[in-house]
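Student: predicted coordinates and the sequence they were generated for:
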Amino acid sequence: MAEIVIVENAEKAGALVADEIARLIASRPDTVLGLATGSTPLPVYAALRTRLADQDVSKVRAFALDEYVGIDPAHPESYRSVISREVVEPLGLTPELVHVPNGAVDGIEHAGDDYEAKIKAAGGIDLQILGIGTDGHIGFNEPGSSFASQTRVKTLTERTREDNARFFDSIDDVPRHCITQGLGTILEARHLVLLAFGEGKARAVAEAVEGPMSAFMPASAVQLHPHVTVVVDEAAASQLKLADYYRYSYDNKPAWQGI
């Protein structure tokens, strides 16, 4: 079972995860991070600005989860731009060591294999940050995705496009395709940290960690991983059947274990 940590709010969640990442980098300067985009991981990145202010992060490597297909990398909502704006520049990471899937149409047929090769060449991902969609998707692995899937091109559901339309002028501007790490790729990371905030994510969280594993709930794949930490606020935890046990377990956890 994943470790479920219920905190008061997103800010406290960000601080908790940032502390773990800072500890990891201190012990291994060339740590490999898996970076998620969207609003969910922003509290983590904000807290890291303070945690890493006095640390050498020049050797830290990172891989983004996904990218839109056919979007100009310079577009403000390309994930290349988002990662640069929200992570690389504020934290002072070395840009050349931070990778994003290549969403260019030219060469897209082998872009997934190329990205997999880069992750393997880096020795794999040490800590992967994840969000979860209201339909249970992680990365851009929509319902129906194989638990064994690798980095590949996917067609976005209309629901996901509608959810992401707030970042664009209109839904017509949201690309229909993406390139995303697969569920199998994600499961190869050594530590998964899944974040969720707000009542709108409560059903997906409960089904992902307490329900049956199913391709129709992609995030349920995390149940297969030996080291998963799910950090949620009270609202996102509101449908968890074992919430009291999770609180008790975390309150009595040895401090040396971290998360």
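Tutor: Yep, that arrived. Residues are numbered from 1 along each chain as shown.
Student: could you pull out the buried residues of the helix or strand of the chain at the bottom of the mean pLDDT ranking?
Tutor: Ranking every helix and strand in the chain by mean pLDDT, DSSP states H and E puts helix 158-164 at the bottom, with a mean of 86. Neighbour-count burial for helix 158-164 flags T160, R161, D163, N164 (criterion: 16 or more other CB atoms under 10 Å). Backbone N, C-alpha and C define where each C-beta goes, glycine included.
Student: just send these back as a markdown table, with distance to A237 too.
Tutor: Below are the buried residues of helix 158-164 laid out as a markdown table (distance: CB to CB, whole Å):
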| residue | distance to A237 |
| --- | --- |
| T160 | 23 |
| R161 | 28 |
| D163 | 21 |
| N164 | 25 |
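Student: what's the longest helix along the chain packed up against?
Tutor: Across the chain, the longest stretch assigned as helix under DSSP state H is helix 10-27. Using 3 or more CB pairs under 8 Å, 6 or more residues apart in numbering; DSSP states H and E, the elements in contact with helix 10-27 are strand 3-7, helix 42-51, strand 127-130, strand 191-196, strand 228-233.
Student: swap the cut-off to 7 Å and go again
Tutor: On a contact count with 3 or more CB pairs under 7 Å, 6 or more residues apart in numbering; DSSP states H and E, helix 10-27 meets strand 3-7, helix 42-51, strand 228-233.
Student: how far out from the middle of the chain is that helix?
Tutor: Relative to its chain's centre, helix 10-27 lies at 14 Å (CA atoms, centre = their mean, to the nearest Å).
Student: can I get the helices and strands packed on helix 10-27 in TSV including distance to I25, mean neighbour count and mean pLDDT?
Tutor: Compiled in TSV, those are given as follows (distance: least, CB to CB, whole Å; neighbours: other CB atoms under 10 Å; pLDDT from 0 to 100):
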stretch	distance to I25	mean neighbour count	mean pLDDT
strand 3-7	20	20	98
helix 42-51	9	19	97
strand 228-233	17	24	98
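Student: now the ones you listed as CSV including distance to I71?
Tutor: CSV is the format used below for those (distance: least, CB to CB, whole Å):
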stretch, distance to I71
strand 3-7, 34
helix 42-51, 20
strand 228-233, 30
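Student: quick one: which of those is nearest A117?
Tutor: strand 228-233 (25.6 Å; CB to CB).
Student: now the closest one against helix 42-51, angle please.
Tutor: 100 degrees (axes from the mean of the first three to the mean of the last three CA atoms, to 10 degrees).
Student: counting by contacts, list what the following helix or strand past strand 228-233 packs against.
Tutor: Downstream of strand 228-233, the next assigned helix or strand under DSSP states H and E is helix 243-251. When contacts are defined as 3+ CB pairs under 7 Å, 6+ apart, helix 243-251 sits against strand 3-7.
Student: lovely, talk soon.
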